[in-house]
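1. Structure here, sequence nowhere to be found:
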């Protein structure tokens, strides 16, 4: 569903991403670990069509994001560390606005309310202004927007950062459900523990290079935190 082929992104002399190749299938969660500045968010921005690659291609459901950005974006939803919502809108109004922004028709409460209930928002929150929400509630609403859009690919940038243990666990349960529905999910994170819990495959990115990928069996058997630190501290080598 998501294909990244020979992707490089340079800003002048700064090589944010170098020759990245990655495929994420439907029904799979790929989690990418990396320090700040490793190139994780830059890669997501290219995949979302927010910036163009220097070299290479990103395809969403077979559609080149650079050549057909509007068509490609129909298939992807994005949830960031700080979900961008309209604070003076209610949860339901935000859900309706972003649904219409994705090209779908406006729906009534009978359509939106079950989606918000599914992601764990309490019914009393449906008509509250979002500026009153906690971070965990905002993240849940971000996932609700992705569900309402019915995107086949979900990209998440540090979505559990700053969440308490309960909210973090609930968020991972939602990702489990989306995986079971056949969504292709890519999550960047610093959180080794949550990466181990949710990922089917895991990558380690260092200085713009995907230096290691591991299957679930491989990273479950490894001391993942030690392995991550080793790769971050060693000189960058081609992906293994």
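-> Thanks, I have the structure now. No experiment lies behind these values; they were computed from the predicted model shown.

2. and residue 57, what does it touch?
-> 3, 4, 5, 6, 7, 64, 66 (Cβ atoms under 8 Å, 6 or more residues apart in numbering). (Each C-beta comes from the backbone N, C-alpha and C, glycine too.)

3. same thing but 10 Å
-> By Cβ atoms under 10 Å, 6 or more residues apart in numbering, residue 57 lies in contact with 3, 4, 5, 6, 7, 46, 64, 65, 66, 67.

4. Among those residues, which ones are in strands?
-> When DSSP state E defines the strands, the subset of the contacts of residue 57 inside them is 3, 4, 5, 6, 7, 64.

5. Who is the residue nearest to the spatial centre of the chain paired with across the strands?
-> Geometric centre of the chain, nearest residue: residue 156, 1.6 Å, by Cα atoms, centre = their mean. Here residue 156 shows beta-bridge partners residue 79, residue 187, assigned using DSSP bridges.

6. ok, it to residue 187 distance?
-> If you measure residue 156 against residue 187 using Cβ to Cβ, to the nearest Å, the figure is 4 Å.

7. Between the two, which contacts overlap?
-> In terms of Cβ under 10 Å, 6+ apart, residue 156 and residue 187 are both contacted by the residues 29, 31, 44, 79, 171, 175.

8. Which of these scores worst on pLDDT?
-> Summarising pLDDT for the shared contacts of residue 156 and residue 187: the lowest-scoring member is residue 171, with 83.

9. didn't that residue look like it was pressed against residue 120?
-> Yes - under the criterion of Cβ atoms under 10 Å, residue 171 is in contact with residue 120, at a separation of 8.8 Å.

10. what do these two both touch?
-> 136, 139, 140, 143.

11. my guess is the third one contacts residue 168, does it?
-> Going back to what we said before, that points to residue 140. No - using Cβ under 10 Å, residue 140 is not in contact with residue 168; the gap is 11.6 Å.

12. So for the two, which sits in the more crowded spot?
-> Here residue 140 and residue 168 are compared on neighbour count by other Cβ atoms under 10 Å; more neighbours surround residue 140, at 25 against 20.
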